[in-house]
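**Q** no sequence for this one, just the structure:
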């Protein structure tokens with residue numbers, strides 16, 4: 001009986017995997033139409049929000065303000081994260097700091113993004129809401145959003161002065177899925193330039209990897225429509241499937257996390273090319289994320305992941321920090337239960353087999 005039960009579960013998983021694959025393939029020819037529809041929704045929502053919230057922000061709308069946003073369930077941050085949170089405060093004393101709680105987050109959405117509130121409330125997991133609301137902070141107030149498991153290693157003032165950011169059109173123009181090794185960094189732009197609207201970090205030079213633009217660190221001027229487009233994409237994806245399906249058969253990263261951000265960047269880049277929208281800017285790999293967790297060495301896994309018993313941040317920093325690194329992530333994944341992680345690993349393997 002146990003064998004039959006396991007066989008039945010495996011059969012259901014395979015069927016769902018196959019259906020998911022064919023749903024994706026069937027939708028592929030309509031990708032452009034779907035994107036155009038989302039852009040139209042974004043335009044109307046942006047105009048509405050700009051008129052309603054024009055007095056909510058006193059910052060210069062043409063600059064990224066010196067504000068750090070972080071979020072946790074309550075004001076009681078776990079001890080594991082306290083040292084890393086304090087690193088941002090200690091190294092950046094001229095920055096304002098805001099910790100948002102779950103209650104703060106919902107109140108913010110309810111007050112300033114009421115059109116998004118039904119989607120927000122119905123998202124399948126709390127981490128989906130945390131992912132989604134960071135777009136709201138950045139849109140309303142600008143500044144830098146930072147996950148709690150990132151540690152600052154150098155002041156952001158040095159980041160402003162020394163790091164040169166790569167425009168998205170230079171990165172994605174190559175068409176080969178790689179950040180060009182021949183990019184002339186002298187032709188990039190410093191933080192203080194008036195045309196720096198948004199800064200996103202690259203995890204690695206592999207642009208085909210859909211997790212390559214983590215939403216664990218994001219910087220922006222206030223009022224940028226890119227973040228409305230991000231919310232609109234979450235709305236569209238959450239309406240495409242029932243919530244039970246999103247909870248168990250679509251991973252968090254696809255619905256609201258790094259994969260969703262990667263896809264928003266892809267859409268925005270089309271707007272840059274077609275309609276002359278302003279470029280996004282990226283930090284070179286290694287600046288915010290000193291190592292690529294997708295291809296990390298065994299020694300990195302042993303010391304750099306807060307999920308393992310051998311975690312040692314001091315040894316990790318000695319192994320991976322570069323002279324130009326300003327932060328390091330320990331990828332705690334505090335939001336995932338063991339059962340959910342196990343199921344997602346099984347489901348990804350089934351999808352990989354299905355696509356062979």
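**A** All right, it came through fine. Note that the coordinates shown come from a computational prediction; the quantities given were computed from them, not determined experimentally.
**Q** from memory residue 217 sits against residue 198, does it?
**A** No. Look at residue 217 against residue 198 with Cβ atoms under 8 Å: they stay out of range, at 12.0 Å. Where C-beta positions appear, they are placed from N, C-alpha and C, glycine not excepted.
**Q** lowest-scoring secondary structure element of the protein by mean pLDDT?
**A** Among the secondary structure pieces of the chain, namely its helices and strands, helix 2-27 has the lowest mean (mean pLDDT, DSSP states H and E), a mean of 39.
**Q** how long is stretch 137-148 end to end?
**A** Start to finish, the residues bounding stretch 137-148 are 15 Å apart (Cα to Cα, to the nearest Å).
**Q** list the buried residues in that stretch.
**A** 137-148 (16 or more other Cβ atoms under 10 Å).
**Q** am I right that residue 145 falls within a helix?
**A** No. Assignment of residue 145 by DSSP: H, G, I helix; E, B strand; the rest coil gives strand, placing it outside any helix.
**Q** how far away is it from residue 82?
**A** Distance of residue 145 to residue 82, computed by Cβ to Cβ, to the nearest Å: 19 Å.
**Q** with residue 266 instead?
**A** Using Cβ to Cβ, we find residue 266 at a distance of 37 Å from residue 82.
**Q** more neighbours, these two?
**A** Applying other Cβ atoms under 10 Å to residue 266 and residue 82 shows that residue 266 carries more neighbours, namely 16 against 11.
**Q** just to be sure, the more buried one is in a strand?
**A** No. Residue 266 sits outside any strand when classified using three-state DSSP, being helix.
**Q** isn't residue 127 up against residue 252?
**A** Yes. Between residue 127 and residue 252 a contact is recorded at 5.5 Å, counting by Cβ under 8 Å.
**Q** these two - which one has more neighbours?
**A** Regarding residue 127 and residue 252, a neighbour count based on other Cβ under 10 Å identifies residue 252 as having more, with 24 against 19.
**Q** the more buried one and residue 125 touch, don't they?
**A** Yes. Taking contacts as Cβ under 8 Å, residue 252 lies within contact range of residue 125: 6.4 Å.
**Q** quick check: closest non-adjacent residue to residue 139.
**A** Using Cβ to Cβ, 6 or more residues apart in numbering and skipping residues adjacent in sequence, the residue nearest residue 139 is residue 227, 3.9 Å away.
**Q** nope, residue 312 is what I was after
**A** Using Cβ to Cβ, 6+ apart and skipping residues adjacent in sequence, the residue nearest residue 312 is residue 303, 4.6 Å away.
**Q** wait, is that neighbour part of a helix?
**A** Yes. Following the definition three-state DSSP, residue 303 is counted among the residues of a helix.
**Q** can you pull the contacts of it?
**A** Under the criterion of Cβ atoms under 8 Å, 6 or more residues apart in numbering, the contact partners of residue 303 comprise 310-313, 315-316, 319.
**Q** tally of neighbours for the residue nearest to residue 139?
**A** When neighbours are defined as other Cβ under 10 Å, residue 227 has 24 of them.
**Q** following the chain past the helix or strand hosting it, name the next helix or strand.
**A** Under the criterion of DSSP states H and E, residue 227 resides in helix 226-240. Later in the chain than helix 226-240, the nearest helix or strand by DSSP H and E is helix 243-249.
**Q** got the buried residues for that next one?
**A** 246-247, 249.
**Q** next SSE after it?
**A** Past helix 243-249, heading to the C-terminal end, the next element that is a helix or strand (DSSP H and E) is helix 252-255.
**Q** can you list contacts of that following helix?
**A** For helix 252-255, contacts defined as Cβ under 8 Å, 6+ apart pick out 123-125, 127-128, 131, 210-211, 234, 237-238, 246, 259-260, 335-336.
**Q** hmm, which of these are the buried ones?
**A** The neighbour-count criterion (16+ other Cβ under 10 Å) marks 123-125, 127-128, 131, 211, 234, 237-238, 246, 259-260, 336 among the contacts of helix 252-255 as buried.
**Q** after the helix or strand hosting residue 316, next one along is what?
**A** Counting by DSSP H and E, the element that carries residue 316 is helix 313-320. Of the helices and strands lying after helix 313-320 in sequence (DSSP H and E), the nearest is strand 327-329.
**Q** tell me what that next one is packed against?
**A** Judged by 3 or more Cβ pairs under 8 Å, 6 or more residues apart in numbering; DSSP states H and E, strand 327-329 is in contact with strand 150-152, helix 313-320.
**Q** in its sheet, what does it sit against?
**A** Pairing partners of strand 327-329, with direction, according to DSSP bridges: strand 150-152 (antiparallel).
**Q** and the strand it pairs with, what's its mean pLDDT?
**A** Confidence over strand 150-152, taken as the mean pLDDT, stands at 97.
**Q** and the next helix or strand past that strand?
**A** Of the helices and strands lying after strand 150-152 in sequence (DSSP H and E), the nearest is helix 156-162.
**Q** how about that next one, which residues are buried there?
**A** Of the residues in helix 156-162, those with enough neighbours to count as buried (16+ other Cβ under 10 Å) are 156, 159.
**Q** now stretch 316-330
**A** 316-317, 319-321, 325-330.
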